[in-house]
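**Student:** Test case, fold it:
(chains A and B)
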There are 2 protein chains.
Amino acid sequence: MKVFNEAIVKNTYKMSDAIQDIEQLFTDMDGIHLAQRTVIPTGDGAKSMLYMPCVHTGRQLGIVKITSITPENPQNGRPTTQGTIIVTDLETGEHVASLDGSYLTRLRTGALSGIATKYLSRENATILGMIGTGGMAFEQLLANIEVRDIDRVILYNPTISKAENFKSRVLEAFPNLTVEVVDDVKQLVEQADIINCQTQSAEPVFDADTIQLGTHINGIGSYRPDMKEIDNRILPRADKVFFDDIEGVKEEAGEIIEANEKGIFKFEDVDGDLKALSLNGTLQRTNDESITVFKCVGAAHFDLAVALGAYERLIQQ
Amino acid sequence: MKVFNEAIVKNTYKMSDAIQDIEQLFTDMDGIHLAQRTVIPTGDGAKSMLYMPCVHTGRQLGIVKITSITPENPQNGRPTTQGTIIVTDLETGEHVASLDGSYLTRLRTGALSGIATKYLSRENATILGMIGTGGMAFEQLLANIEVRDIDRVILYNPTISKAENFKSRVLEAFPNLTVEVVDDVKQLVEQADIINCQTQSAEPVFDADTIQLGTHINGIGSYRPDMKEIDNRILPRADKVFFDDIEGVKEEAGEIIEANEKGIFKFEDVDGDLKALSLNGTLQRTNDESITVFKCVGAAHFDLAVALGAYERLIQQ
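**Tutor:** Next up, the predicted model:
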């Protein structure tokens, strides 16, 4: 078994690769077989181990993503979530590689937003507003930059110093971007062409009444029923609403579950999943005044797409 | 993540360690949490991937054993079953090691027979009869040698050349043993103090009527309902019958399931599981004329015991 750590995977496998590999997988889903995620509690609160296996019989490769959740870790300078992905060659039965799963998870989550932005946001979108500047944010930025000519980024985080730190990181990577931090989320919402939310907030992080016509919203933060970062009153006003994985969103996305329960927006009102959006392959908004929303919770086949893509590139080196 | 291949694990972690670690785990089972095994078919027939996670919250370590079954492999000189065990440190959430899972599986299966032999066979047992000389056999031999003063080994395999090859391997490792190959299983059954069966036979591999008083039988081969290596007519005549894991045996061991269905031996007639046998800690047979039987199908917590034991020794080096 070869071990590919975060630095090596990062150096070889980029956002453009991840977007391409996920869209490619949508054309070749028949060979995918996955099993329900296994969760074992390992301590107090959310402390747990997660196991997500998925195979592609056509490509004769399989993965299992193994993730530890250690809530007390940030106090000790370690990440809460740590992942590794084990790749098995089904032709030979050999367990061939261990890939850093944390970077690949952030990258694929970014790629999902990137695909949504590509087919839903205005083609002339240039201003990206980012609500939440934590661990998932950088790859969300990369994804939007990959598919739209973003020249200005507006950052909001309840702890301003964290937004400032993130701004420095962005400017180091992209010196030509204009990056500003705002202390009122309304300033962001009223200016952004694309709003990308990556928080674990239990309350809406913006006010639906302040959303401008023509805005596209990506929500990738709420992945549990108690998390509700998107103000779900925006959903009935949206021209198009897409979910990455409809069954997953029904079970995990707090603001969408609430919208369905309250009759604000029923699950069946969704325009489709990310696969449908990608396979259609054309801009889905009706006009430049449309509001569009993408909600994402993740699914094992997206991990499969990036893990196999990364593995195949890494072994060619 | 550190990768420990078969050679390294083999060099560090021995049969005596495995027996000790499994018996030690029986005294400390409260911290064990496991999830149902996940199986994903990956091709024709038995081709599949198996995922078996298990954690020990007290020791704050977790494992998942990942096993590929590739039935066509022997035609290409590769093993049918290939395993790897990923160890996670639950204190830090870090995925710390990959251990060769094939050797550890053979070793723990041997150790289970070793524990059974220690508490069930006659203390003066010296003759070991082995039915089946395939991939699991060598560690079964090691286990019996570990707990009894075996000086003679009788081998039976339907393909005699395979038994002869195994004899050479045994003599190379243990030149002081007397090893013979028989072409009629009856010659083995009539002489052996301990009969160890490791076949995938759908039919009994010995005739219960030929079993001598005082014999102990270990059956580790049948792990599916269609496999029935032990002649189950021996069960009602046995003084003691133990299973490694009672629930597992009820679901997987073909000859025991058949015995229960036909009323030859009901599940509830079992004297206990391996944990009870080990915790009792004394010889369980009534006298030197007793026939005793141990049936084993494996379980995730046995893998946990040897994986954590091996990991802890390997990182101390």
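**Student:** got the buried residues for stretch A:67-79?
**Tutor:** A:67-70, A:73 (16 or more other CB atoms under 10 Å in any protein chain shown). For glycine as for every other residue, the C-beta is placed from the backbone atoms N, C-alpha and C.
**Student:** From the residues you listed, list the ones also adjacent to chain B.
**Tutor:** A:68-70, A:73 (CB under 8 Å from any CB of the partner chain).
**Student:** Mind putting those residues into CSV with secondary structure, distance to A:Gly281 and pLDDT?
**Tutor:** Below are those laid out as CSV (DSSP: H, G, I helix; E, B strand; the rest coil; distance: CB to CB, whole Å; pLDDT from 0 to 100):
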residue, secondary structure, distance to A:Gly281, pLDDT
A:Ser68, strand, 38, 97
A:Ile69, strand, 36, 95
A:Thr70, coil, 41, 96
A:Asn73, helix, 41, 95
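**Student:** Now flag whichever of the residues you listed is closest to B:Val306.
**Tutor:** A:Ser68 (21.5 Å; CB to CB).
**Student:** Run through the residues that contact the closest one.
**Tutor:** A:42, A:48-50, A:81-83, B:62, B:88, B:90, B:93-95 (CB atoms under 8 Å, 6 or more residues apart in numbering or on different chains).
**Student:** what's the nearest residue to it if we skip its chain neighbours?
**Tutor:** Residue nearest to A:Ser68 in three dimensions, not counting chain neighbours: B:Gly93, with 3.7 Å by CB to CB, 6 or more residues apart in numbering or on different chains.
**Student:** swap in A:Glu139?
**Tutor:** Here the residue nearest A:Glu139, using CB to CB, 6+ apart, is A:Gly110, at 3.3 Å.
**Student:** Report the next helix or strand after the helix or strand containing the one you found in sequence order.
**Tutor:** Secondary-structure element containing A:Gly110, defined by DSSP states H and E: helix A:101-120. Reading on from helix A:101-120 to the C-terminus, the next helix or strand found by DSSP H and E is strand A:127-131.
**Student:** quick one, that next one and helix A:101-120 angle?
**Tutor:** 140 degrees (axes from the mean of the first three to the mean of the last three CA atoms, to 10 degrees).
**Student:** Could you pull up the mean pLDDT of the helix or strand following strand A:127-131?
**Tutor:** Using DSSP H and E, the helix or strand that follows strand A:127-131 towards the C-terminus is helix A:137-147. The pLDDT scores in helix A:137-147 average 98.
**Student:** If you count contacts, what does helix A:137-147 end up packed against?
**Tutor:** Applying 3 or more CB pairs under 8 Å, 6 or more residues apart in numbering or on different chains; DSSP states H and E, one finds that helix A:137-147 contacts helix A:15-26, helix A:101-120, strand A:127-131, helix A:160-173, strand A:194-197.
**Student:** so what's the closest residue to chain B within the stretch 151-300 of chain A closest to, chain neighbours aside?
**Tutor:** Relative to chain B, the nearest point of the stretch 151-300 of chain A is A:Ala300 (10.8 Å; CB to the nearest CB). In space, and not counting its chain neighbours, A:Ala300 is closest to A:Cys54: 4.1 Å by CB to CB, 6+ apart.
**Student:** hang on, isn't the one you found packed against A:Gly62?
**Tutor:** Yes. Taking contacts as CB atoms under 8 Å, A:Cys54 lies within contact range of A:Gly62: 7.0 Å.
**Student:** who touches both of the two?
**Tutor:** What both A:Cys54 and A:Gly62 touch, as defined by CB under 8 Å, 6+ apart, is an empty set.
**Student:** Can you list the low-confidence ranges for the stretch 151-300 of chain A?
**Tutor:** For the stretch 151-300 of chain A, applying pLDDT under 70 flags no range at all.
**Student:** Walking through it, point out its strands one by one.
**Tutor:** For the stretch 151-300 of chain A, strands defined by DSSP state E, counting those that start in this stretch occupy the ranges A:152-156, A:178-181, A:194-197, A:216-219, A:240-243, A:272-273, A:292-295.
**Student:** what's the most buried one of the helices and strands packed on helix A:137-147?
**Tutor:** Most buried of these, by mean neighbour count (mean count of other CB atoms under 10 Å in any protein chain shown): strand A:194-197, with a mean of 27.
**Student:** other SSEs contacting that one?
**Tutor:** By 3+ CB pairs under 8 Å, 6+ apart, strand A:194-197 packs against strand A:127-131, helix A:137-147, strand A:216-219.
**Student:** neighbouring contacts of the shortest one?
**Tutor:** The list of residues contacting strand A:216-219 from outside it, by CB under 8 Å, 6+ apart, reads A:113, A:116-117, A:120-122, A:125, A:140, A:193-197, A:211, A:229-230, A:234, A:253, A:255, A:285, A:291-296.
**Student:** mind running it again at 6 Å?
**Tutor:** Contact with strand A:216-219 is made by A:113, A:116, A:120-121, A:194-197, A:229-230, A:292-295, as judged by CB atoms under 6 Å, 6 or more residues apart in numbering or on different chains.
**Student:** related to what we said a few turns ago, ok so the residue nearest to A:Ala300 is a strand residue?
**Tutor:** Yes. Under DSSP: H, G, I helix; E, B strand; the rest coil, A:Cys54 sits within a strand.
**Student:** Run through the residues that contact it.
**Tutor:** A:34, A:63, A:300-301, A:304.
**Student:** so what's it scoring on pLDDT?
**Tutor:** A:Cys54 is given a pLDDT of 97.
**Student:** Any figure for the gap between it and A:Leu25?
**Tutor:** For A:Cys54, the distance to A:Leu25 equals 11 Å [CB to CB, to the nearest Å].
**Student:** Show me which residues of the stretch 1-150 of chain A are close to chain B?
**Tutor:** Residues of the stretch 1-150 of chain A lying close to chain B (CB under 6 Å from any CB of the partner chain) are A:1, A:3, A:33, A:35, A:38, A:40, A:42, A:49, A:51, A:53, A:55, A:57, A:62, A:64, A:66, A:68, A:70, A:73, A:82, A:84, A:86, A:88, A:90, A:93, A:95, A:98.
**Student:** list the contacts for the last one?
**Tutor:** Read that as A:Ser98. A:1, A:3, A:84, A:86, B:1 are the contacts of A:Ser98 under CB under 6 Å, 6+ apart.
**Student:** Skipping its backbone neighbours, what lies nearest it in space?
**Tutor:** A:Val3 is the one closest to A:Ser98 (CB to CB, 6+ apart), at 4.8 Å.
**Student:** Leaving out sequence neighbours, find the closest residue to A:Asn260.
**Tutor:** Nearest non-adjacent residue to A:Asn260 (CB to CB, 6+ apart): A:Phe267, at 5.0 Å.
**Student:** A:Arg78 now?
**Tutor:** Using CB to CB, 6+ apart, the closest residue to A:Arg78 is B:Thr92 (6.2 Å).
**Student:** for the one you found, helix, strand, or coil?
**Tutor:** coil.
**Student:** tally of neighbours for it?
**Tutor:** By other CB atoms under 10 Å in any protein chain shown, the residues close to B:Thr92 number 15.
**Student:** any idea of the pLDDT on it?
**Tutor:** 97.
**Student:** Dump the contacts of strand A:216-219 to TSV, plus distance to B:Ser278.
**Tutor:** Converted to TSV, the contacts of strand A:216-219 look like this (distance: CB to CB, whole Å):
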residue	distance to B:Ser278
A:Ser113	54
A:Ala116	56
A:Leu120	61
A:Ser121	64
A:Ile194	62
A:Ile195	61
A:Asn196	57
A:Cys197	55
A:Glu229	52
A:Ile230	55
A:Thr292	63
A:Val293	59
A:Phe294	56
A:Lys295	52
